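**Q** Sharing a model that was predicted from the sequence below.
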Amino acid sequence: MIDKSLFQFPRMRQQMMLLSLLSFIQAAAIVVQAMGLTQALVAIWQLRKISALAVPVLVFFSAFIVRQLMDVAKNAVATHYADENITRLRPQIQAQYFRLGPAYLHRTGTGSAVTVLIDGLDQVKTYIQTVLPKMTDMIFIPTLTLIYVWYENWLSGLVLFLMLPLIFFFMAILGLAARAKSDQQYADFTTLNNSFVDTILGLPTLKVLGIADQYEDQIYTVSERFRKKTMSVIRVALTSTFALDFFTTLAIAIIAVFLGFRLINGTVTLYPALVSLILAPEFFLPIRQFGDDYHATLNGKNALQQVNDLLATPAPAVVPPIDWPGWGTDSTLSLSGVSFRYPDAAKDTFALQDIGFTAQGMEKIAIVGRSGSGKSTMMNLLAGFNQPASGAHISLDGHDLTSFNQPQWQDSMSYIPQEPYIFSASIADNIRFYVPDASDAAVAAAADQAGLTDWLGQLPDGLATMIGEGQRGISGGQGQRIALARVLLDSRRKILLFDEPTAHLDIETEYALKQTLVPLFADHLVIFATHRLHWLPAMDQIIVLENGRISEQGRLSDLRGRGGALDRLIEEMGGKQNAVFK
Amino acid sequence: MQSSNNKGRLRDYLRAWHDDHWFWPFLKQNKWRLSLIFFVGLLTFICAAALMFTSGYLISKSATHPFNIFAVYVPIVLTRAFGIGRPVFKYLERINSHNWVLNVVSKLRVQLYKTLAKDATFLQEHQQTGKIFGLLADDLDHLENFYLRMIFPTVVAYLVWLLVVIAVGVFTWPGALFVAAVLALILLVVPLFSLRQAGSVYGVQKARKAHEYTAVTEHYLGLGDWVITHRQQGFSAAGADDAQVNQASVTHQERFQRWRNFLIQVIFGLLGVALIFASQRMLGTSQAQANYAAAVVLSLFPLIDCFLPVAQAMGEVPLYSDSLGHLNELTASVAADTPAPVTQAPTPTAIHEIRFDHVTFAYGPDQPKLLDDFSLTIHGGEKVAILGPSGEGKTTILQLLLGDLTPQQGTITVNGTPVAALQDARPALYGYLNQAPFLFNTTIRDNIRLGSPAATDEEIWAALKAVGLASLIRSLPDQLATPVTESGQRFSGGQQQRLVLARILLKKTPVLLLDEPTIGLDPITEQALMAMIMKASAGRTLIWVTHHLQGLEHADQAIFLTDGRITMAGAPRTLYRDNARFRALYALDVGRL
């Protein structure tokens, strides 16, 4: 229930001291409250005048208020501390994702990364604010009440004390049973629950197949099976609550009966007997509450674990700045012996192996290959998102780099994937992403160069049109053009990395986009990963990738007709078809 | 949603529940069983109070040194009985309420399924996202909590309230009135404030949270661009203002809840004080009566556990109300969308002609026309490719032919019968592959033979071979028994598409409608798959929407659609021979160098 990493949180000791103090005051208030109440009741029993009640009732009510105020205070302290930690962790998580980069996010899944940040932190907050006060309560309240009850009537104290190991014993046994049971059923449990969502999601399919009606009964049957499984898990959990309740009430009943006998014998008087009875439920309350929330805090504990794991993941090193003016017409980049292995892949299974090539000035380089040949991995490496394995030689205008995760290199390049980054804002602000202070005129010029003018003309608000989630939808071709305008606006970015920019576009959109793109290549270094071979004539150098290795590289005219990897690829990708229309 | 706009007034919630199909019917259906559960819940608190009552009496009475043990025999037995009764009844109440609620959930699920299945338009509009279905399933979960966390504790608390007032009323009517009024503060006034407070922030918090999700997701998707511009601060700020505003709002709400609970406790404490004085006045006259003083006062305190959850539960009403609102809106929209029944024609045995006759379609009066006076005749056994920019009505043609959409003008007929009269025949007539292929979380075998349950393994393997997945699946240890895992995540997008295609090919329908069957595949796979589709669809009528020209050499007709009209049409060979634009596109697509 308690995660050890909690104790490494800043100011934790201080908070625990404060909460302990509050719990201690509360425990004292509980005892005083019981004393006041008991005295009042004894006074009534002794048939004394109403004035005799004034002091005890005042003591009771004041202590009662103090006790409640302590609850408010503990809750406020724990909540504030939880908020403080969430406020501290949120930027840390964001910064960590930033350092780990897009390749990492892609591997873990954007959705689950977002969940860790938003839902995860919410759960961590609930966890911190619930578990801390409960811990201090459980230490101080039973201890103090027990001491007082023992002092007033050792027999009642003994009964309470003897119940403790019994309760813990049953809690442990049932807890273990519940865990074993849940573990055993967890797989079934989730499968059955997801089964409904699955069927609902698949409803259009079932309807098309004409079998939607048959599934009505199945939903009920599966849900009922789910109910039975759930009930058997709930039954175990409830049995553990039952055991706690049972021992608590049993202890009260035993104390009452014991005390009854001793009162009749005259060995005790009413005050100690009654005060023991009143304090008995208070003694058990924190333990019961601790048990009740066990399952509720489990999620928070797991979420905290996830956050800790994320923050502990080593981030790739940033290559220090170099004395380099940026990419120019006489710049040279050369790579040799560059390999890459995914962190979770088996040893010696490289996604890229022994890559080497040289790029000069405003050259156009195509990287071609089948799906899964390593094109995207290579583009991610060139953008600095994937880090090469040791032994790589990268030389940029005479500067040796260990990876492309280097500020000036990244300042000179742009990476355009299949689905470029479009965020909820105006089209103009989307285009301004690299140069936030660009003038409206410059934005309009870049948009025009990227071939957006016709489309913008149809929009009533032109460049001010809002796009992104919940706003105006844009097509794949328009997204590419916005990304293109973004690069054109930033004259420092002379290196263009494209990763399959047109693969998902329809042929006519692709054709139109190509007419815009090719002239813009002129004063840029272009590295273009694609399996659409029509781009090749626009390129100066072709690199053919097969299973993460370069199988052929050179000029298109040199490679054609050699019967090598490129010829094979061309043949497989379209050559057979060409014959049909001849 | 209407229910999230309100300002937390009770009547707004009551209005939202006025025309309800998802909540009251189940309460009404099960009144007796529910009454029993409420009664057991009531017994739990009666036992809790009675335990303290009898214990208090037992001790007070014993303190008078009665003649012998038999004077306190009855309280001793009762103390034990109530001591055991409380946990037992609590256990029974919890078990039965959970069991009942889960059974209601089973019924609700069937109801949700039936409601969704009724409405083709709703499915059509939302099937691309799938998100809304997940949200509706969440709404059912909220309804489950509505029963467990709201209805059961609140009803039991009100019953205890009634019982306490009656019990006090037996001795003193003014006292009963006083207790009723004080408890009304705890059980009515404070909960209503709680509801108002929660209602005033619920909508804003929900909107902020949704906005935070969107902003963070967008930034994460664009992380590459943030990294190469070294703007860590800008990236970290994603959704930070939403998180901050929500945190402030939640802090405020938590402060409200803290002091609300404090207030309830103080009221309760005052009630205790009043009870002490009242006991002195009424019972402090003789020793026999005074023995009951401790009993009466002590029995009050266990009841706080019963009353405290009411205010908390009331604070959750906006959430439940919102979910109930969604579900009832769904029922209403389905009722509105359900078309008038059309007399159904028998399933055609063979396809002679599919005809679109001057069809015009738009989603609404102000929406662009996706099809504008569109005519097309397809003869049985023909293969027709439909091309054009995305968002230009290619998919609409398939949906109109299925009968999921109805045109504003024109008719669509199969062998002269309007498609509206072929809805019963539809599953036997069309095999349809949409853009979002769906795999159920079961084995490959069960997924593929979904449409034809009698299919043998040989037939399944043949279908898998036709889509080029046979060798991959043979290499898996469990072969056909391999689970595809949730939403088919074990397989890549292209592989999922092909598994679904195998399902459709296995069902030997005379017409195949394929929407972008090769999207996301590399040209080699794309070409191979198109060849396989052609082979498997021999003798059937095939209409496929595509964004590439791969496989076009197999088509009898190709149609290029722009702005809802046909801009280029004909047999591909003729087009290739006579149309320069087609030749240019074709050369581009096959990568002719």
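**A** Thanks, I have it.

**Q** you'd agree A:F226 is up against B:R109?
**A** No. A:F226 is beyond contact range of B:R109, at 9.2 Å (criterion: Cβ atoms under 8 Å). Placement of C-beta: from N, CA and C, glycine included.

**Q** shared neighbours of these two, anything?
**A** Residues touching both A:F226 and B:R109 by Cβ atoms under 8 Å, 6 or more residues apart in numbering or on different chains: A:F196.

**Q** care to break chain B down by domain?
**A** B:2-6+B:21-334, B:353-590 (automatic domain parsing).

**Q** In terms of mean pLDDT, which of these ranks lowest?
**A** The minimum mean pLDDT among the domains of chain B belongs to domain B:353-590 (a mean of 80).

**Q** how about the residues of the stretch 51-200 of chain A near chain B?
**A** By Cβ under 8 Å from any Cβ of the partner chain, the residues of the stretch 51-200 of chain A that approach chain B are A:53, A:57, A:60-61, A:64-65, A:68-69, A:71-72, A:75-76, A:79, A:83, A:86-87, A:90-91, A:94-95, A:97-98, A:101-102, A:105, A:110-111, A:113-114, A:117-118, A:191, A:194-200.

**Q** How about the residue in chain A that chain B sits nearest to, nearest residue that isn't a chain neighbour?
**A** Nearest residue of chain A to chain B, counting by Cβ to the nearest Cβ: A:G210, 2.2 Å away. Residue nearest to A:G210 in three dimensions, not counting chain neighbours: B:P427, with 2.2 Å by Cβ to Cβ, 6 or more residues apart in numbering or on different chains.

**Q** Now that we have the residues of the stretch 51-200 of chain A next to chain B, which of them are buried?
**A** Neighbour counting by 16 or more other Cβ atoms under 10 Å in any protein chain shown classes A:53, A:57, A:60-61, A:64-65, A:68-69, A:71-72, A:75-76, A:79, A:83, A:86, A:90, A:94-95, A:97-98, A:101-102, A:105, A:110, A:113-114, A:117-118, A:191, A:195-200 among those as buried.

**Q** Pretty sure B:G175 sits against B:S279.
**A** No. Using Cβ under 8 Å, B:G175 is not in contact with B:S279, being 10.8 Å away.

**Q** So between those two, which is more surrounded?
**A** Per other Cβ atoms under 10 Å in any protein chain shown, whichever of B:G175 and B:S279 has more neighbours is B:S279, with 23 against 17.

**Q** Contacts only, for the nearest residue to the more buried one once chain neighbours are set aside.
**A** Sequence neighbours aside, B:A293 is the residue nearest to B:S279 in space, at 4.2 Å (criterion: Cβ to Cβ, 6+ apart). Neighbouring residues of B:A293 by Cβ under 8 Å, 6+ apart: A:41, A:44-45, B:60, B:279-280, B:283-284.

**Q** could you pull out the strands for chain A?
**A** Along chain A, the segments classed as strands by DSSP state E run A:332-340, A:352-360, A:364-368, A:393-396, A:399-401, A:413-416, A:425-426, A:466-467, A:495-499, A:525-530, A:541-546, A:549-554.

**Q** what helices or strands is the last one leaning on?
**A** It stands for strand A:549-554. If you count contacts as 3 or more Cβ pairs under 8 Å, 6 or more residues apart in numbering or on different chains; DSSP states H and E, strand A:549-554 packs onto strand A:352-360, strand A:541-546, helix A:565-570.

**Q** Need those in JSON lines (columns: distance to chain B, mean pLDDT and mean neighbour count).
**A** Formatted as JSON lines, the helices and strands packed on strand A:549-554 follow (distance: least, Cβ to the nearest Cβ, whole Å; pLDDT from 0 to 100; neighbours: other Cβ atoms under 10 Å in any protein chain shown):
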{"stretch": "strand A:352-360", "distance to chain B": "18", "mean pLDDT": "93", "mean neighbour count": "18"}
{"stretch": "strand A:541-546", "distance to chain B": "11", "mean pLDDT": "92", "mean neighbour count": "22"}
{"stretch": "helix A:565-570", "distance to chain B": "7", "mean pLDDT": "86", "mean neighbour count": "20"}
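
**Q** closest one to B:L188 among those?
**A** Proximity to B:L188 (Cβ to Cβ) singles out strand A:352-360 among these, at 69.5 Å.

**Q** That closest one pairs with which strands?
**A** Sheet pairing of strand A:352-360 (DSSP bridges) gives strand A:332-340 (antiparallel).

**Q** So what's the residue count around the residue of the stretch 301-450 of chain B found nearest chain A?
**A** Closest to chain A within the stretch 301-450 of chain B is B:P427: 2.2 Å, counting by Cβ to the nearest Cβ. With neighbours defined by other Cβ under 10 Å, the count for B:P427 comes to 20.

**Q** try B:A455
**A** Neighbour tally, B:A455, other Cβ under 10 Å: 18.

**Q** Can you report how many residues neighbour the residue nearest to it when sequence neighbours are not counted?
**A** Excluding the flanking residues, the one nearest B:A455 by Cβ to Cβ, 6+ apart is B:R449, at 4.2 Å. Neighbours of B:R449 under the rule other Cβ under 10 Å: 22.

**Q** what's B:R449 in contact with, if anything?
**A** B:455, B:460, B:503, B:506.

**Q** same thing but 10 Å
**A** B:443, B:455-457, B:459-460, B:463, B:480, B:502-503, B:506-507 (Cβ atoms under 10 Å, 6 or more residues apart in numbering or on different chains).

**Q** got it, and A:I367?
**A** A:I367 is in contact with A:355, A:357, A:373-376, A:378-379, A:382, A:497-499, A:527-531, A:539, A:541-545, A:550, A:553, counting by Cβ under 10 Å, 6+ apart.

**Q** Now B:A569. Nearest residue, chain neighbours left out?
**A** Computed as Cβ to Cβ, 6+ apart, the closest residue to B:A569 that is not its neighbour in sequence is B:I559, at 4.8 Å.

**Q** The helix or strand encompassing that neighbour pairs with which strands?
**A** Here B:I559 sits within strand B:557-562, counting by DSSP states H and E. Strand B:557-562 sits in its sheet next to strand B:383-387 (parallel), strand B:565-570 (antiparallel), going by DSSP bridges.

**Q** Could you tell me how many residues sit around A:R235?
**A** Taking other Cβ under 10 Å as the criterion, the count of residues near A:R235 is 17.

**Q** ugh, wrong one, B:D457
**A** By other Cβ under 10 Å, 11 other residues sit near B:D457.

**Q** Pretty sure it sits against B:A470.
**A** No. Counting by Cβ atoms under 10 Å, B:D457 does not reach B:A470; the two are 11.7 Å apart.

**Q** Could you give me the buried positions within whichever strand or helix holds B:A137?
**A** Here B:A137, judged by DSSP H and E, is contained in helix B:131-145. For helix B:131-145, the neighbour count (16+ other Cβ under 10 Å) marks B:132-133, B:136-137, B:139-140, B:142-145 as buried.

**Q** which other helices and strands contact that helix?
**A** Secondary-structure packing of helix B:131-145 (3 or more Cβ pairs under 10 Å, 6 or more residues apart in numbering or on different chains; DSSP states H and E): helix A:154-201, helix B:73-118, helix B:120-126, helix B:317-337.

**Q** can the last one be found next to chain A?
**A** No. Using Cβ under 10 Å from any Cβ of the partner chain, we find that helix B:317-337 stays clear of chain A, coming within 11.9 Å at best.

**Q** elements contacting that helix?
**A** Packing partners of helix B:317-337 (3+ Cβ pairs under 10 Å, 6+ apart): helix B:10-16, helix B:73-118, helix B:120-126, helix B:131-145, helix B:190-221.

**Q** and of those helices, who's closest to B:F152?
**A** Taking Cβ to Cβ, helix B:73-118 is the member of the helices and strands packed on helix B:317-337 nearest to B:F152, at 5.2 Å.
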